[in-house]
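> Let's see this in three dimensions:
(2 chains)
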Amino acid sequence: MNVVAMQGLRGGTGASSVVAGLAEALSQAGEAVLCIDLDPRNLLRLHFNHAWNDTRGWARARQEGGTWHESAFVLGSQLHFLPHGLLDDTDHQGCGTRDDDLEIWQQRLAALEADAYRWVLIDVPAHALDAQRQARRAADTWLLVAQADPACHALLEAHTVRVGEYLLINRLAARSALQSDLHALWQRQHGDWLVPLSIHRDEAMFEALAHKRGVVSYRPDSLASQDIHRLAAWLLAQHEVSPS
Amino acid sequence: MSPLLRRNLMRPLSHHYRALRHKRGAGPLTASLLTLLWLLGWGLLRLESPAWQGLFASHGHAFRHLHRRRPGLADPLRYLIQIVWLAVLRPRRPRPHQASAARPRTPSWAKQAWETYRETLRTLPRRLIPAASRRIEAPSDTSSWPLLAMGALAAMLMLLVITQPFSLAAQAVFVVLLWGIALIVRRIPGRLATLVLIVLSITVSCRYLWWRYTSTLNWNDPLDMGCGLLLLGAETYTWLILILGYFQTIWPLNRRPVPLPEDTSRWPTIDLMIPTYHEPLDVVRPTVLAALGIDWPSDKLRIHLLDDGRRDALHEFARSVGINYITRSDNRHAKAGNLNHALTVTDSEFLAVFDCDHVPQRSFLQMTLGWFLKEPRLGMLQTPHHFFSPDPFERNLGRFREMPNEGTLFYGLVQDGNDLWNASFFCGSCAVLRRSALEAIGGFAVETVTEDAHTSLRLHRHGYTSAYLRLPQAAGLATESLSAHIGQRIRWARGMVQIFRLDNPLLGRGLSLSQRLCYVNAILHFLAGIPRLIFLTAPLAFLLLHAYIIYAPALAILLYVAPHMFHSGMTNSRIQGRYRHSFWSEIYDAVLAWYIARPTTMALINPRKGKFNVTAKGGLVGSRYFDWTISRPYLLLILLNIAGVVAGGWRLYAGPTDEIPTVLVSLGWTLYNLMILGGAVAIAAEARQVRRHHRVQVAQDAAVAREDGHTFPCILNDYAEAGVGLSLPQPGLLEADETITLLLRRGRQEHAFKARVVNLNDTRAGLALAPMSLPQHIAYIQCTFARADTWTLWRDDIAEDRPMQSFRDILGLGLEGYHRLFLHAPTSVRRPLDWLGSFLPRRVTITPVGGR
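Numbers count the residues shown, from 1 in each chain, chains lettered A, B, ... in the order given. From the prediction side, this is the model:
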C-alpha cells in the first residue's frame, strides 16, 4: 500500500483537483485507490459528485461515536472515497481532543486489510498543522503542490524538504513570461525534488469541479487530464523501483 | 415476309451497332464486323441458354482490360493472347486468412536444423570472446616479427592463389569452396568475420583481374583489343576502388564526444561563421537564430554573417539580432576567400563554419570542442551533414527516409572509416577548425573549387590531425532538383580532380601512407564517370560490333566474373548495408556518369580552368515535369542498349551455335544495364515541390491552448519557419481561423507561441505562426529545427539491407523509369507504344468463393 499525501504549498494551488484527478487516473490504470480528505472544509467530495447536503464523513462519524471508515463511498470498483464530513461547531473541541494523536492515521491505515488498496491518496489542507503532522506519519510520498508564482517562490525559499517529498507544479502556463522564468529557476534550484512533469493550466480543470467531477473523467482529451495520467504513470514507476 | 423479317431483324441489329459505336466508341468497320458476328452467333448457337449466359456474365473478370477498351480489329489476337496466358499461368489467389492462425505447426526438422545452424554461428563470437580476451592479456612486449612472418607467409600464399592458372573444373571447385566459406562466415556477427569476408573478396577479385590481364585479351584483332582494353581499364578502376574502399572502411572509429572541463572559464573563444552569397534571408534566418541559441558562454561566442552578396537586408537583419556582419569589396575565391577575409578581422581560438542553410543544434559546440582541448594538434573536426528535406533521389522516387539516402554512406561510414587513419576531411560546413592550424597553412585553400577537402589535406600535410564525430549536430536543406544536384556533384568532382593535379596526395611531404590512400580513394571516386559509361555500353561491343571484349569462353567468364561480383557484393552489403542498400550505388553512379565524365577529364588535363558555381538551395520545383534535357544521355544509352537487345535476338536466331552462350551472357548484362538506366530515368521525372518553406516531418508531443483557457495535447506532425501541422486527439477541438497558443517543449522547458488556425480538416490542423519577438523566434527554432532528437531518431526506422530485396527494388525502379518515360513521352511516341501494350496479357486475381 502506497500512501501519497498531497498538500498545497499555500491555499488555492488547486491541490484538491489534482488529488481527485489522480485518484481517477490511478483507478483507470487498474489500481485500487482510497482517497481521503483531511480538510475540515470538506470540499474534495464535490469532485466526486457528493450531495451538497450530505454531511457524512470520517470526522463526523467519529464525532457521532462511529468508526472512522464507515462513511466511505464506493465510486466504481477501484475507487473508494472517504470525505472529511461536516462537524457541528459545538462539538468541534471534542473532536480535536480525540484525534490529536500523531500516529492516528498511520494506525488507521495499518488496520486496513493489507491488499485492500494499492494507493491511499490523502488530501492535506494547506494550513492545518495537526492534520499535516498526522499525514506525515502515514504518508511515504508527499507531493507539495505549487503554482509557479512569486508567493510560492517565497514560500519555497523557507521550506525544508523532507524525505519522500516532491514538488509538483500545477497550473503551469508557458504563455506567462514570469511563470516560464520561475519554472526555469525552480528546475535549477529545486531540480532534485521537482516532479519531472507539470500540470498545465487548463480551463477543463475548473469546469470539472463545476460539473462535480474529476478532470480525468470529465475531459479525458484535455491536456490537464493527460498531465495527470502522466503523474500517475510517474508514481507507478517510482513505486515499482522501490516497493515500500 | 421479307419486310417483316427485315423490320424484326434490323431493329436489334441497328440497336447493337449503335451501342457499339456510341457507347463503346468502336469504329464503323469494327462495329459492323462485331454486329455481323453477333448475328452469326445468334443464328448458329443457343446464346439464350444458361451456360452461355453464365459465360457472358463472368467472362468480364478475366478479360476486364479488354472489356474496358474500345473494341478494335485486333481484339481476337488480344483475346487469344490472354487465353494462352491464362492457360499457362496460375491465377493469383489471395491467401486465406485463418490458415496461419488456426494451428501452430511444429517446424520441420530441416527448419529446426537451419535455426540451430544460424544460432550457433550468431553466438560464436560471444562464446569465443573469453578465450580471445585471455590471449590479449599475454605479455605485450613480444616482438612483432612472428606477426610479420605470418603476414609474409599469408601474402605469398595469396599471391600463389591469385596467379595459379586453373583448369575450368579446378576453378569451379575453387570458387564453390570460397563461396561456401563466405556463406558460412556471413552469418557470424562481428568485425573479425567481416575481415574474413574482405580477404575472400580480395582474393577472388584479384584472381579475376589477374586472369583478365593474362588470358582474356585478343592481341590479334585491333577492334577486340581496343574494346577489350577499355573494359579492362574500367574494371581495373573498379577493382582499385573496391580494394581502397575495403581499406578505408575496414574499422570505422565511432569516436565519442569528450566532455569539456566543468569550469567554463577554461572554455575557448569561438568565431561562428556563416558564409552566404545569394541565399535569401528566409534560408539564412533559422541558421542565425539557431546559432544564437547554442549553449556556450555568450562572451566567448561571436557569430558572424559573412555576406558576399553585400545585401542591405542581411546587414539590417544581422544588426537587429545583434550579430556581426562582415563583407568585403571583392568576391575573389568565393567561399574560401570569404572565410579567409573573415579570418583577418576576427581573433577567436576556434572557428565553427556553417553553410547558411545548415541549422546547428544547441549542443554543437559542447559536443565538438572537447576533442580540441584534449588533443592540441587536432586541426579540424567534422560532423555529418544531415538533411531535413528529401534529396532529389528521395523526392522524385517518393522514398524519403525509407532507406539510407545518398549521403549516408559517406557520413555514416566513409568518414568514420577515414577517421581511423587520421584522414577524415573537412566538408565545408558543420565543422570546427583551430585558428592557429589554419594560420599555419595560410588560411583556407583557394586553388581549387573544393576548398574544404584541400584545406584539410594541407592541415594533414602540416602534421595536424582531424577527427570525425558521427553525431548529426546540424541539419540543412538538400538540393532541390536533380539538375542542381548534378551541378553540385560536377563542382565536387572537378575540385577533387583539381586537387589530384595541383596537390597530389600521393606525392609531397607530410602524409602517412594510409592518409594518401584515403585521399586518393576520395578523389578516384569522382573519376567513376568514364568507367561507368564503359560498363553501360560494354556488352554492345559484342552484340553490335561483334568484338570479343573478353576473349574467353562464356563458361570461363561466368566462373571468374560471377564470384568476383557475388563476393564483392556480399562483402559490401555487410560493410555498407546500413548506409547504402545493395545496387543503389549503380543508380547514383549511372545518374552522374555522363555529367562528371567531361569535367573530370577536363580538370585532369587543365586543372586551372573552370569556375566556382554555387549550389542553389531553397528553391521550388513548380510543377511535375520530366527533365528531358538532363535525361538525354540516358535516353541515348537506353536506345543503344535496346539496339543491343535486338541485335542479340538476331544473333541467337542467325548466328553460329557456339556463340550462343556468349550472346546470352551479353544479353543478361545489357538487360541489367537497361534496368539501371531505367532507374536513372525514373529519377529524372521531377516531383512537385510546392511549399516555399520546407516542412520537416516529425512526430513530437505538443499542446495547444485556446483563448478560453482550454488546453489540449496534440502531436506535431511537421514544422516550417512560419507554420506547423498538428494532429489533435479528436475532431472539433479547434475552430477555423481562431487564434491559439502553441506549446512546444525543449527538454523540460516549455515555450508558447501565438498562432492562427489556417486550415482544419477533421483531426488535422495547420497553424500559421504570429510574428515573434527575437527571443521567441530563437526559442521556436530551438524547439523545432535545432532540436537534438528529431534527426537522430530518423535512422532507426530505416530497413536493413537485404541484397535480393534491394535487387527487386532496383528492378521495380527500372520498370518505373520506363513507365514514367512512357507517361511523359510525346503523344506521337506514346500512341503506338500504348497500342502495342494493349496486346499484353493481364494477371487475374481469383477471389475464393465466400471470400470478401
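
> and residue A:9, what does it touch?
The neighbourhood of residue A:9, defined by C-beta atoms under 8 Å, 6 or more residues apart in numbering or on different chains, consists of A:126, A:144-147, A:152, A:155-156, A:159. Yep, even glycine has a C-beta here, placed from its N, CA and C like the rest.

> rerun at 6 Å
For residue A:9, the contacting residues are A:144, A:146, A:152, A:155, by C-beta atoms under 6 Å, 6 or more residues apart in numbering or on different chains.

> what's the closest non-adjacent residue to it?
residue A:146 (4.1 Å; C-beta to C-beta, 6 or more residues apart in numbering or on different chains).

> Residue B:53 now?
Closest to residue B:53 by C-beta to C-beta, 6+ apart is residue B:47, at 7.7 Å.

> near chain B, which residues of chain A?
A:174-175, A:187, A:200, A:202-203, A:221, A:223, A:226 (C-beta under 6 Å from any C-beta of the partner chain).

> isn't the residue nearest to residue A:9 right up against residue A:152?
Yes: the criterion here is C-beta atoms under 6 Å, and residue A:146 meets it with residue A:152 at 4.2 Å.

> Looking at these two, which is more packed in?
residue A:146 (27 against 23; other C-beta atoms under 10 Å in any protein chain shown).

> and the more buried one, which of the three is it?
Here residue A:146 is recorded as strand under DSSP: H, G, I helix; E, B strand; the rest coil.

> In three-state terms, label residue B:466 for me.
Residue B:466, by the three-state scheme (three-state DSSP), is strand.

> just checking, it touches residue B:427?
No: at 11.0 Å, residue B:466 and residue B:427 do not qualify as touching, with contact defined as C-beta under 6 Å.

> In terms of pLDDT, where does residue B:345 sit?
For residue B:345, the model assigns a pLDDT of 94.

> how much space is there between it and residue B:304?
9 Å (C-beta to C-beta, to the nearest Å).

> And residue B:545, by the same measure?
For residue B:545 relative to residue B:304 (C-beta to C-beta), the value is 60 Å.

> Please say which of those two ends up with more neighbours.
Per other C-beta under 10 Å, whichever of residue B:545 and residue B:304 has more neighbours is residue B:304, with 22 against 13.

> For the closest residue to that one other than its chain neighbours, give me the backbone phi and psi.
In this structure, residue B:304 finds its nearest non-sequential neighbour in residue B:324, 4.5 Å apart by C-beta to C-beta, 6+ apart. Note on residue B:324: backbone dihedrals following degrees, to the nearest 10 are phi -80, psi 140.

> my read: residue B:324 touches residue B:306, true?
No: Residue B:324 is beyond contact range of residue B:306, at 9.3 Å (criterion: C-beta under 6 Å).

> the more surrounded of those two?
When residue B:324 and residue B:306 are compared for neighbours, residue B:306 comes out ahead with 22 against 17, by other C-beta under 10 Å.

> Please save the CA atoms from the helix or strand harbouring that one in CSV.
Following DSSP states H and E, one finds residue B:306 within strand B:301-307. The C-alpha atoms that make up strand B:301-307 are tabulated as CSV, following Å, rounded to 0.1, in the frame of the first residue of the first chain:
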residue,chain,number,x,y,z
LEU,B,301,30.9,33.0,-28.8
ARG,B,302,30.8,35.5,-31.6
ILE,B,303,28.6,35.0,-34.5
HIS,B,304,29.5,36.4,-37.9
LEU,B,305,27.4,36.6,-41.0
LEU,B,306,29.8,36.6,-44.0
ASP,B,307,27.8,38.2,-46.8
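
> Next, report how far it is displaced from the centre of its chain.
34 Å (C-alpha atoms, centre = their mean, to the nearest Å).

> can you check stretch A:50-69 too?
So, by C-alpha atoms, centre = their mean, the centroid of stretch A:50-69 is 19 Å from its chain's centroid.

> that older thread, filter the residues of chain A next to chain B down to the buried ones.
Burial by neighbour count, 16 or more other C-beta atoms under 10 Å in any protein chain shown: within the residues of chain A next to chain B this picks out A:174-175, A:200, A:202-203, A:223, A:226.

> from these, which is closest to residue B:88?
For those, the minimum distance to residue B:88 (C-beta to C-beta) is 59.8 Å, reached by residue A:226.

> quick one: the closest one and residue B:713 touch, right?
Yes: between residue A:226 and residue B:713 a contact is recorded at 4.6 Å, counting by C-beta under 6 Å.

> before we move on, back to that, so which of the residues of chain A next to chain B belong to helices?
Of those, the ones assigned to helices by DSSP state H are A:187, A:203, A:223, A:226.

> Which two among the residues you listed are spaced furthest apart?
A:187 and A:203 (25.7 Å).

> quick one, phi psi at residue B:735?
phi -110, psi 150.

> swap in residue B:328?
The phi/psi pair for residue B:328 (degrees, to the nearest 10) is phi -140, psi 170.

> That one - how many residues pack around it?
17.

> hang on, it packs against residue B:341?
Yes: with contacts counted by C-beta under 6 Å, residue B:328 reaches residue B:341, the gap being 4.6 Å.

> Need the residues that contact stretch B:351-360.
Contacts of stretch B:351-360 (C-beta under 6 Å, 6+ apart): B:270-274, B:276, B:279, B:283-284, B:286-287, B:290-291, B:429-433, B:435, B:474-477, B:617, B:785-786.

> does residue B:71 count as helix, strand or coil?
Applying three-state DSSP: residue B:71 is coil.

> pLDDT score assigned to it?
81.

> Is the spatially closest residue to it that is not a sequence neighbour in a helix, a strand, or coil?
Nearest residue to residue B:71, sequence neighbours excluded (C-beta to C-beta, 6+ apart): residue B:26, at 4.2 Å. Following three-state DSSP, residue B:26 is assigned to coil.
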